[in-house]
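Visitor: build the 3D model from these lines:
(chains A and B)
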Amino acid sequence: MDDKQTVLDILQDLTGEDFSDNLDEDLFASALLDSMGTVQLLLDLQDKLGVQAPVSEFDRNEWNTPAKIIAKVEAAK
Amino acid sequence: MSKNLIQAIDDYAETAGDKVAYSYDGKQHTYAELKTYSDALAEHIDAMGLPLNEPIIVFGGKSFTMIVAFLAAVKSGHAYIPVDVNSPAERLEMINQIAQPVAVIAAEPMPTKLDGVPEIDEEQLEHVCLEKVDYHLTHPISGNQTYYIIFTSGTTGVPKGVEISYSNLKSFVDWIVGDEFELPRKLDMLQQPAYSFDLSVMSLYPTLYLGGTLHVLSKKTTDNFIVLFTALRSMPINTWVSTPSFMDICLLESSFDQEHYPQLRHFLFCGEELTHKTAAALKQRFPDAHIFNTYGPTESTVAITEIEITDDVLEEYDRLPIGFVKPDMNARVVDENGDFITDGTRGELVIYGTNVSKGYINNPEKNAQAFFKIGTQQAYRTGDIVTMAPNGLLRYFGRKDFQIKLNGFRIELEDVSAMVNREEHVKQAVVVPKYNSQHTVSMLIAYVVPEIGNFKNNLQLTAAIKKNLAKDMMNYMIPQKIVYQKSLPLSSNGKVDIKAVIAAVNTQ
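Guide: Predicted structure coming up:
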C-alpha cells in the first residue's frame, strides 16, 4: 500500500470519513480532528509509517488537510 | 490536629508574602496578593448580604482571579462552583437551575446572563480586589459545610453537582502532603486541568497548603504543541499532576526526559486508567522518579487510593493496580445482591469514610441510588468493577454501567446519546466507546440514522452536526467520529441495543 493510502486509512479510522475526494478539507476547522485526535494521528504516523513528527515544532496550520499531511509524510521518507 | 486550610494559606502572606503562589502566562502572583485580593473580594461578598452557605458560581479559565474567587467565596461562607470558560450557555443555565447559586463571579465574560443572579464581572473584580480591607475570618466554610461543588455528566443530558465539604477536602489534602507520597516540601507544581475538573484540586490545595508555587498551563497552551513544550521547558516544576492522556502527549516529545527536566521527580496520575504502556515509557524516560497511580471518583474527593509504580510493579502486572485506600477510608467489594465478597473475585467497589461526599446538590433521586450509610459512615457505590487482594490491593476491571473515561473526562454514554438524539439532522443515534489495546477509550463513535437532508456528502453533514452539538455540549463529550446507518440494532424491549453496538465496534 502506498503512503497516501495509508494516511487516508489512518484519517478514516480517526474521523470516519473517506477523504479521497476531499484532500483539501480543513480537518481542524470542520472539527473533524481535536487535540487528542491529533495526538493519535501523530502516533499512528509513527507506528504505521515510521514518520517521526517533531512534536515540539508541530504547527497545526501545516498539518490541517489530508493533502498537507500526505506531503509531510512523503517529504519525511 | 493539623492546621486549618484557609488559615494556613492566609498565614503565608505574613511568613512568606513575596513567595510566588501562582505563575501563569508570564505573570507571577504572590501569597501576599492572594490574601489581599481574596480578603477584599470576601468583604465585598459579605456586603452583598447573600444568604450564608448558599453556593456561588465562579466562571472562567485559569487566571489568578479564579483562585482568588475560590478563596473569597469560602472565606465569606459560600461554596463555589467552578465552571470552565469553554462551557456552552446551555450547560451554564442547567447548572444555574440545579444549584440555585446566590451569585456569579465572572473572571471571563459569560456566554449568557443568568436571570436574577447577581454577577460580579471582570471589570468589577479588578476594582474590588484592589481595595484595602482588614478582613477577619469569622465565618469561613468549615466542617461538614460544602466547600466546592463540581458538576459531572448525568445520564439524561442533565449534569450532577457533587458537593465536597471542608472536612472531605482537608482529609484529602492531608493525605497528599503526607507520608505516602513524600512530595518535596518546596513544591513547584504543574497545574494542567481546568478548574471544573476535580483533578485540578490535587495540584491546587496541596500546593497552597504547603506554601508552594503553582505553574499553570492554559488550555490554549496545551492545545498547541509548540507553545506547550516551550512553556514546559521554562517551568521549574518538581511535581507533576495530570491525566495519563496528557502524559501521552508529552511523551511524544523525545526530549521530555530526566536529562532535560532534572528537578522533576514526582508524578501523580488520576482521572482515568494509567496504562502499563504509559507508565513504562515514563519510567524509562525518568528512571529516578516516583510515579504514583491514584484512583477515586469525584464523589470521594479526587482520589482515595494510591500505589507507587515501581519497576517491580511494572514487571508483576500487565494492567496496573489502582492501589490501597487511604487512611480514614474503607473499601468493600460487593456482589449483585449487595453482599460483601471476601474471596478476591470481581464485584462492585463500595467505599465509605471521611472522603465521601454528602451527595449531589438538589438531587434526592440520584442520591438515594448512589449514597447510603455503612454504620455511621457515608458510603458510595462507585459502579467500578474491582478485585481486592487480602492485603487490600485494589485492581480495576471496568464499569458496571455505561460510564466511561475519555482523556480523563467522565462521560455517561446515555447522556451523550440523549444529546446527539436531540440534534436536528439526527433521526436516531447511539454513542459508543472504541477501546484500544490498553483497555482505555480512544474515541467516542456516534452511530447515526440521519434525517433526509440536502447535504452534498457525509463530510458536510458531520460538520453540521458537530457544529450544532458544540452549542449544547462540552467539547470533550462530542463524538470524534460519526458513522451513518440505515437503522440501529434494537434489543427485545425496543430500545437501541447499546451493548450490541459496543461489541460490534470493539471486535473489528
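Visitor: show me which residues of chain B are close to chain A?
Guide: By Cβ under 8 Å from any Cβ of the partner chain, the residues of chain B that approach chain A are B:222-226, B:229-230, B:245, B:248-249, B:252-253, B:255, B:407, B:442-443, B:445, B:457-459, B:462-463, B:466-467, B:470, B:475, B:478, B:480-483. For every residue, glycine as well, the C-beta is placed using N, CA and C.
Visitor: where does the prediction get shaky in the chain?
Guide: Assuming you mean chain A. Scanning chain A for pLDDT under 70 picks out A:1.
Visitor: sorry, should have said chain B
Guide: Low-confidence segments of chain B (pLDDT under 70): B:1, B:508.
Visitor: and the longest helix for it?
Guide: Counting by DSSP state H, the longest helix found in chain B is helix B:31-47.
Visitor: name every strand pairing with the helix or strand just after that helix and say which way it goes.
Guide: Once helix B:31-47 ends, the next helix or strand along the chain (criterion: DSSP states H and E) is strand B:56-60. Strand pairing for strand B:56-60, determined by DSSP bridges: strand B:80-84 (parallel), strand B:103-106 (parallel).
Visitor: now do stretch B:316-330: everything it contacts.
Guide: With Cβ atoms under 8 Å, 6 or more residues apart in numbering or on different chains as the test, stretch B:316-330 has contacts from B:171, B:175, B:180, B:273-276, B:279, B:293-295, B:300, B:304-307, B:309, B:313-314, B:331, B:351-356, B:374, B:377, B:386, B:391-396, B:439.
Visitor: buried subset of these?
Guide: B:171, B:175, B:180, B:273-276, B:279, B:293-295, B:300, B:304-307, B:309, B:313-314, B:331, B:351-356, B:386, B:393-396 (16 or more other Cβ atoms under 10 Å in any protein chain shown).
Visitor: check which residues of whichever helix in chain A runs longest are buried.
Guide: Counting residues, the longest helix found in chain A (DSSP H) is helix A:35-49. In terms of neighbour count (16+ other Cβ under 10 Å), helix A:35-49 has its buried residues at A:S35, A:M36, A:G37, A:T38, A:V39, A:Q40, A:L41, A:L42, A:L43, A:D44, A:L45, A:L49.
Visitor: residue contacts, the fourth one?
Guide: Looking back up the chat, that one is A:T38. Contacts of A:T38 by Cβ under 8 Å, 6+ apart are A:R60, A:W63.
Visitor: likewise for the second one?
Guide: Taking Cβ under 8 Å, 6+ apart as the criterion, A:M36 is in contact with B:S245, B:N407.
Visitor: give the next helix or strand downstream of the longest helix of chain A.
Guide: Remark: after helix A:35-49, the chain's next helix or strand is helix A:66-76, criterion DSSP H and E.
Visitor: look up which residues are beta-bridged to the closest residue to B:V117 other than its chain neighbours.
Guide: Leaving aside its sequence neighbours, B:V117 sits nearest to B:V104 (Cβ to Cβ, 6 or more residues apart in numbering or on different chains; 5.4 Å). Beta-bridge pairing of B:V104 under DSSP bridges involves B:I57, B:E119.
Visitor: rewinding a little: restricted to buried residues, select the residues of chain B next to chain A in PyMOL.
Guide: To isolate the buried ones among the residues of chain B next to chain A in PyMOL, judged by 16+ other Cβ under 10 Å, type:
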select buried, chain B and resi 222+224+225+229+245+248+249+252+253+407+442+443+445+458+459+462+463+466+475+478+480+481+482+483
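Visitor: in strands only, show me the residues of chain B next to chain A.
Guide: B:S442, B:M443, B:I445, B:K481, B:I482, B:V483 (DSSP state E).
Visitor: of the residues you listed, closest to chain A?
Guide: Closest to chain A out of those is B:K481 (3.8 Å), distances taken as Cβ to the nearest Cβ.
Visitor: on that earlier part again, distance between the longest helix of chain A and the chain's centre?
Guide: Counting by Cα atoms, centre = their mean, to the nearest Å, helix A:35-49 is centred 8 Å from the centre of its parent chain.
Visitor: just give the nearest non-adjacent residue to B:M477, would you?
Guide: In space, and not counting its chain neighbours, B:M477 is closest to B:V416: 5.3 Å by Cβ to Cβ, 6+ apart.
Visitor: quick one: the strands in the stretch 351-500 of chain B, in order.
Guide: Taking DSSP state E, counting those that start in this stretch as the criterion, the stretch 351-500 of chain B contains strands spanning B:359-360, B:371-374, B:377-388, B:394-399, B:403-406, B:409-412, B:426-435, B:441-450, B:481-484.
Visitor: closest to the centroid, which residue in chain A?
Guide: A:I69 (4.6 Å; Cα atoms, centre = their mean).
Visitor: gap between that one and B:Q460?
Guide: Remark: distance between A:I69 and B:Q460 (Cβ to Cβ, to the nearest Å) = 21 Å.
Visitor: contact residues of chain A facing chain B?
Guide: By Cβ under 8 Å from any Cβ, the residues of chain A that approach chain B are A:14-17, A:22, A:25, A:30-32, A:34-37, A:39-40, A:42-43, A:53, A:55-60.
Visitor: surely the residue nearest to the centre of chain A is in contact with A:E62?
Guide: No: the pair A:I69 and A:E62 does not pass the contact test of Cβ atoms under 8 Å, sitting 9.2 Å apart.
Visitor: what's the neighbour count on the closest residue to B:L214 other than its chain neighbours?
Guide: Excluding its sequence neighbours, the residue lying closest to B:L214 (Cβ to Cβ, 6+ apart) is B:Q191, at 4.5 Å. As a burial measure, B:Q191 scores 25 neighbours (other Cβ atoms under 10 Å in any protein chain shown).
Visitor: quick one, what contacts B:Q191?
Guide: B:Q191 neighbours (Cβ under 8 Å, 6+ apart): B:K62, B:S200, B:S203, B:L204, B:T207, B:L214, B:H215, B:V216, B:L217, B:V241.
Visitor: any chance of those residues in JSON lines, plus secondary structure and neighbour count?
Guide: Below are the contacts of B:Q191 laid out as JSON lines (DSSP: H, G, I helix; E, B strand; the rest coil; neighbours: other Cβ atoms under 10 Å in any protein chain shown):
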{"residue": "B:K62", "secondary structure": "coil", "neighbour count": "26"}
{"residue": "B:S200", "secondary structure": "helix", "neighbour count": "23"}
{"residue": "B:S203", "secondary structure": "helix", "neighbour count": "25"}
{"residue": "B:L204", "secondary structure": "helix", "neighbour count": "22"}
{"residue": "B:T207", "secondary structure": "helix", "neighbour count": "27"}
{"residue": "B:L214", "secondary structure": "strand", "neighbour count": "24"}
{"residue": "B:H215", "secondary structure": "strand", "neighbour count": "24"}
{"residue": "B:V216", "secondary structure": "strand", "neighbour count": "26"}
{"residue": "B:L217", "secondary structure": "coil", "neighbour count": "21"}
{"residue": "B:V241", "secondary structure": "strand", "neighbour count": "29"}
